[in-house]
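[1] I would like to see how this sequence folds:
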Amino acid sequence: MLKKLLSVSAGLLLTVSVFAAGQWAENAPERYVVKRGDTLWDISSKFLIKPWHWPEIWQLNPQVRNPHLIYPGDELVLSGNKVMHGPGSVGPHVRETSLEDAVKPIPLSAIKQFLKNTKVIGEDELRNAPHVVGIEEDRLRGATGQLVYVRGLQASVGDKFAIVRPLGRYYDMPPEEDGGTRETYRQERDGRDGRQSILWRHGPHEWSFKGRVRFLGYEVLEFGTVQVTRTADVSSALVTYSDFEVKAGDYLIALDPSPYDDQFVPHPPAKAPDNMRVIAFTDAMNAVGTHQVVALSRGSEDGVDNGTVYSVYTDGQVVRDRTDYPDGKSRTFFKPGRANVQLPPEFIGHVMIFRTFDRVSYGLVMDGIRPVHVGDFLHDPDSTP
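    Alright, predicted model coming up:
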C-alpha cells in the first residue's frame, strides 16, 4: 500500500502546477488550521473553486509528506507566495495522536458498507463457487460459531473464505444507432431459487437485433467469513464472522487480502470515459443526493481509478420550437427534425470514485444542486459537455 501511495503521490506532484489566483475562493485565508471532523474534500471545497484540485494545496505544503496523515491542529498554507515555516509547521516531529485521528479524504462512514460488504465479481467466480447446503443441527439459519456444510469446496483444513450472496448483475447493450455508445444496465436478482437462475444466460439471450449483449459482472453482498474444518464431498466450515445469518444457497469465494482502498486523494481524470453513466443505487428508490452511493457504468478497463472526481450531468430535454414551427403548419409537418430542439445538458453535482472493478465502479456524491438519477452521465469536471 505504501509503495502504491508513493507512486500516486509522485505522479500527482509532477502533473500539477501552481494555482492561478482566480482558482481560489474569495474567502480563502492565507493559512488554515485543520479541525476535527474535516475531510480533504471539506478543506478543498471551502477554499478552492474546484475542490478536486486538492493536490494544489498539497503542493504548497511540502512539509505534508503524506496527504493521508494530516491531523486536527495542523496548519496549512493556502497562498502560493508563502511556504510554511515556524512553530505552526507540520514538519518532522513526534506525534502524540494515532493514525486513526488523521483527516480522512471523504466521510468514510457514508461508504463503509460499499467498501466492506459490496463488490462485483466475474462470471466464472460465481459459476464455480462452492455453496452452502446445510447448517449444523438441521437449522434453517447459521450464525457466528456454528458449522455450515458446503458442497463443491476444493480446499484444505484451516483455509478461510468469504461468504457472499448475489444481489444482481450488470450488462450492457449495443447502441440504438450506428456510432453510438453502449448502455449499461443493472438487473436485480429475480428471486427464483437455484444457481442457474442467477447465472448469465449465454446463447440467444446474449444477442439482440443490434448486436451482442455483453455481461459485465455480478454484484454480491459479502457478509461473513468461514474457516474449513473438514474436507470431503460435503465439507464443514466454521462461521468465524457474520453480519447476519447464513442460509443454504449462499456462496463462498476466496478472501481478498487487500479488498479495497480507504486512502485516496481527490483528483480530476486523466481522460473521462465515453458515455459513463449512473446505472444503479442500492439505498434509494429513484434518486440520491449528497453522501449517497451510485454505481457507474465504467471501471478500471476504461481508465477509472479511485479518487477521481467527475461532474454529473443530466441530458437536456427535447422541446418543440413553436415560435418558428407552430402546430398544424406545413413546415412543421415536413421538417419535424427542425421543429424539435435538443436543450443542453444540465449540471447536477460531483461524484468521487472510491471503489473500482473491471467494468463497474462505485462513486460517492460529494455535492449537488439537485438529485442524481439513473441515466445521468459523468464528464470531466474541468470542462463542460
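
[2] so what does the top strand by length along the chain touch, helix or strand wise?
    For the chain, the strand that runs over the most residues, judged by DSSP state E, is strand 214-230. When contacts are defined as 3 or more C-beta pairs under 8 Å, 6 or more residues apart in numbering; DSSP states H and E, strand 214-230 sits against strand 118-121, helix 123-127, strand 147-151, strand 160-173, strand 234-242, strand 251-254. All C-beta atoms are positioned from the backbone trio N, CA, C, and that covers glycine.

[3] Out of the ones you listed, the one nearest residue 331 is which?
    strand 160-173 (36.0 Å; C-beta to C-beta).

[4] export the closest one as PDB, just CAs?
    What follows is strand 160-173, C-alpha atoms only, in PDB (Å, rounded to 0.1, in the frame of the first residue of the first chain):
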ATOM      1  CA  LYS A 160     -10.600 -19.200   5.100                       C
ATOM      2  CA  PHE A 161     -13.300 -18.000   2.700                       C
ATOM      3  CA  ALA A 162     -15.700 -15.100   2.400                       C
ATOM      4  CA  ILE A 163     -19.500 -15.700   2.400                       C
ATOM      5  CA  VAL A 164     -21.400 -13.900  -0.300                       C
ATOM      6  CA  ARG A 165     -25.000 -13.500  -1.600                       C
ATOM      7  CA  PRO A 166     -25.800 -12.300  -5.100                       C
ATOM      8  CA  LEU A 167     -27.800  -9.100  -5.400                       C
ATOM      9  CA  GLY A 168     -27.900  -8.600  -9.200                       C
ATOM     10  CA  ARG A 169     -26.000  -8.500 -12.400                       C
ATOM     11  CA  TYR A 170     -24.700  -5.800 -14.800                       C
ATOM     12  CA  TYR A 171     -24.700  -6.000 -18.600                       C
ATOM     13  CA  ASP A 172     -24.500  -3.500 -21.500                       C
ATOM     14  CA  MET A 173     -26.400  -3.300 -24.700                       C
END
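
[5] Going by neighbour count, which residues of it are buried?
    Using 16 or more other C-beta atoms under 10 Å as the test for burial, strand 160-173 gives 160-172.

[6] which among these gets closest to residue 227?
    residue 160 (5.1 Å).

[7] List the buried residues of the longest strand of the chain.
    Under the neighbour-count criterion of 16+ other C-beta under 10 Å, strand 214-230 has 215-228 buried.

[8] Parallel or antiparallel, list what pairs with that strand.
    strand 118-121 (antiparallel), strand 160-173 (antiparallel), strand 234-242 (antiparallel) (DSSP bridges).

[9] Run the chain-centre distance for it.
    19 Å (C-alpha atoms, centre = their mean, to the nearest Å).

[10] Would you state the strands of the stretch 1-150 of the chain in chain order?
    Using DSSP state E, counting those that start in this stretch, the strands of the stretch 1-150 of the chain run over 31-33, 75-77, 118-121, 131-135, 147-151.

[11] Residue 301 belongs to a helix, doesn't it?
    Yes - under DSSP: H, G, I helix; E, B strand; the rest coil, residue 301 sits within a helix.

[12] circling back: relative to residue 332, which of the strands of the stretch 1-150 of the chain is closest?
    Closest among these, using C-beta to C-beta: strand 118-121, at 47.7 Å.

[13] C-alpha coordinates for the closest one, PDB please?
    Listed in PDB are the C-alpha atoms of strand 118-121, where the atom choice follows Å, rounded to 0.1, in the frame of the first residue of the first chain:
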ATOM      1  CA  THR A 118     -20.500  -4.900  -1.600                       C
ATOM      2  CA  LYS A 119     -18.300  -6.000  -4.600                       C
ATOM      3  CA  VAL A 120     -18.600  -7.000  -8.200                       C
ATOM      4  CA  ILE A 121     -17.200 -10.400  -9.200                       C
END
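
[14] hang on, the earlier thing: quick one: closest of the strands paired with strand 214-230 to residue 34.
    Going by C-beta to C-beta, the one of the strands paired with strand 214-230 nearest residue 34 is strand 118-121, 30.9 Å.

[15] which residues make contact with that closest one from outside it?
    164, 167, 170, 216-222, 253, 259, 282, 355, 357-360, 362 (C-beta atoms under 8 Å, 6 or more residues apart in numbering).

[16] can you do 6 Å?
    The list of residues contacting strand 118-121 from outside it, by C-beta atoms under 6 Å, 6 or more residues apart in numbering, reads 217-220, 222, 357, 360.

[17] tell me the domain boundaries of the protein?
    2-104, 114-254, 278-379 (automatic domain parsing).

[18] picking up where we left off before, can you list the buried residues of strand 160-173 in a markdown table and add distance to residue 246 and pLDDT?
    Output for the buried residues of strand 160-173, formatted as a markdown table (distance: C-beta to C-beta, whole Å; pLDDT from 0 to 100):
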| residue | distance to residue 246 | pLDDT |
| --- | --- | --- |
| 160 | 15 | 96 |
| 161 | 12 | 97 |
| 162 | 12 | 95 |
| 163 | 6 | 96 |
| 164 | 11 | 95 |
| 165 | 9 | 93 |
| 166 | 14 | 91 |
| 167 | 16 | 89 |
| 168 | 20 | 88 |
| 169 | 22 | 89 |
| 170 | 25 | 89 |
| 171 | 28 | 87 |
| 172 | 33 | 84 |
